[in-house]
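Participant: model this:
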Amino acid sequence: EVQLQASGGGLVQAGGSLRLSCALSGFTFDDYAIAWFRQAPGKEREGISCIRCDHGKTWYADSVKGRFTISSDNAKNTVYLQMNSLKPEDTAVYYCNRAGPTFLNWGQGTLVTVSS
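Facilitator: Below is the predicted model:
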């Protein structure tokens, strides 16, 4: 079965760090660009980072640039999102998925809560 599983969320104080993991199964990381998305309460889902996008480059939304780092471990078929200097506005459910234009099942994501 082709799927992605995001994990690693939790409760953290503002200024803290978390590392999210996205485990890929049923396909290999080499096949697709993979992105992290998030959906805050009452807001639409937004893309925040991508690896292997745009001719192999990484991409970050302005809201996370300089604080978040996307990386991968090909041997583990896993993509990571290191999140530093977290802010209350980073509170959201975080998802990983193909970068598009078509997407796999979104799953439940992983909840990140940043307290002030």
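Participant: Please make it C-alpha for all contacts and neighbour counts, starting now.
Facilitator: Fine.
Participant: Now for residue 40: which residues touch it?
Facilitator: 90, 91, 92, 93 (CA atoms under 8 Å, 6 or more residues apart in numbering).
Participant: Tell me the pLDDT of it.
Facilitator: Residue 40 carries a pLDDT value of 97.
Participant: How much space separates it from residue 2?
Facilitator: 26 Å (CA to CA, to the nearest Å).
Participant: Give me the three-state assignment for residue 54.
Facilitator: helix (DSSP: H, G, I helix; E, B strand; the rest coil).
Participant: how many neighbours does it have?
Facilitator: 10 (other CA atoms under 10 Å).
Participant: Tell me which residues touch the closest residue to residue 2 other than its chain neighbours, please.
Facilitator: The shortest distance from residue 2 to any non-neighbouring residue, by CA to CA, 6 or more residues apart in numbering, is to residue 26 (4.1 Å). The neighbourhood of residue 26, defined by CA under 8 Å, 6+ apart, consists of 1, 2, 3.
Participant: Any figure for the gap between the closest residue to the last one other than its chain neighbours and residue 78?
Facilitator: With sequence-adjacent residues excluded and distances taken as CA to CA, 6+ apart, residue 3 is closest to residue 25, at 5.4 Å. Residue 25 is 9 Å from residue 78, where distance means CA to CA.
Participant: Please apply the same query to residue 60.
Facilitator: Counting by CA to CA - residue 60 and residue 78 are separated by 18 Å.
Participant: what's the answer for residue 88, then?
Facilitator: If you go by CA to CA, the gap between residue 88 and residue 78 works out to 27 Å.
Participant: out of those two, which sits in the more crowded spot?
Facilitator: Counting neighbours by other CA under 10 Å for residue 88 and for residue 78 shows that residue 78 has the greater number, 20 against 15.
Participant: which strand residues sit across from the more buried one in the sheet?
Facilitator: Counting by DSSP bridges, residue 78 is bridged to residue 23, residue 73.
Participant: Contact partners for it?
Facilitator: 21, 22, 23, 24, 29, 72.
Participant: which two in those are spaced the farthest apart?
Facilitator: Farthest apart among the contacts of residue 78 by CA to CA are 21 and 29. That separation is 13.1 Å.
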